[in-house]
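> what's the 3D shape of this:
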Amino acid sequence: MHDRKITDIHNVEFKPFDRYGSPVPKMSWHIISYDKSSGYGSYILKMDAGAQTVPHTHLGFEEFLIVEGELIDSDGMVFKKGDFVSFEPGSQHSSSSNKGALIMVFQRGLNKPTVEV
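As a prediction, the model looks like this:
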């Protein structure tokens, strides 16, 4: 017997993205293995057109793959379908999406909001 989980990322139920407490407008997620207390694991993030992430500092690595759409980082860098992005511990940023995006996120530590949420 194998202990495994298979997730069809295009056929999942998304719930409001409440990682920082209250839901972030125009964002939803499907948790695959993410543990909210440790900040470790994976989830699928869906950003609707006009979504804006909470500005935050990475306490551990955060990496993500843009599956669909595009993401604009706070420094103006545009991430497109197929881009795999790594943020190191201590880095700070926020992101937005004008067109919407589907993102596979891999977390290795908590993020600390840099603004009140």
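> only C-alpha atoms for contact and neighbour calcs from this point on.
Will do.
> in the helix or strand of the chain with the lowest mean pLDDT, what counts as buried?
Within the chain, no helix or strand scores below strand 111-113, which has a mean of 92 by mean pLDDT, DSSP states H and E. By neighbour count with 16 or more other Cα atoms under 10 Å, strand 111-113 contains the buried residues N111, P113.
> Report the mean confidence score over the longest strand out of those in the chain.
Longest strand in the chain, counting residues (DSSP state E): strand 61-73. The pLDDT scores in strand 61-73 average 97.
> Next: stretch 8-20.
Average pLDDT, stretch 8-20: 93.
> What residues of that stretch count as buried?
Here stretch 8-20 shows I9, P16, F17 as buried, counting by 16+ other Cα under 10 Å.
> how about JSON lines for those residues, with secondary structure and distance to K81 added?
Rendered in JSON lines, the data for the buried residues of stretch 8-20 read as follows (DSSP: H, G, I helix; E, B strand; the rest coil; distance: Cα to Cα, whole Å):
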{"residue": "I9", "secondary structure": "coil", "distance to K81": "15"}
{"residue": "P16", "secondary structure": "strand", "distance to K81": "23"}
{"residue": "F17", "secondary structure": "coil", "distance to K81": "21"}
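> quick one: which of the residues you listed is nearest K80?
I9 (17.6 Å; Cα to Cα).
> Show the pLDDT at M1.
So, for M1, pLDDT stands at 66.
> ah, wrong one, I meant T114
Looking at T114, its pLDDT is 91.
> How about it, nearest residue that isn't a chain neighbour?
Counting by Cα to Cα, 6 or more residues apart in numbering, T114 lies nearest to H56, which is 4.9 Å off, once chain neighbours are set aside.
> Pull the number of nearby residues for the one you found.
If you count neighbours by other Cα atoms under 10 Å, H56 ends up with 18.
> Go ahead and confirm it touches P113.
Yes. Here H56 reaches P113: they are 4.1 Å apart, a contact under Cα atoms under 8 Å.
> thinking again about what came up before, what's the mean pLDDT across whichever helix or strand comes after the longest strand of the chain?
For strand 61-73, the following helix or strand on the C-terminal side (DSSP states H and E) is strand 78-80. Mean pLDDT, strand 78-80: 98.
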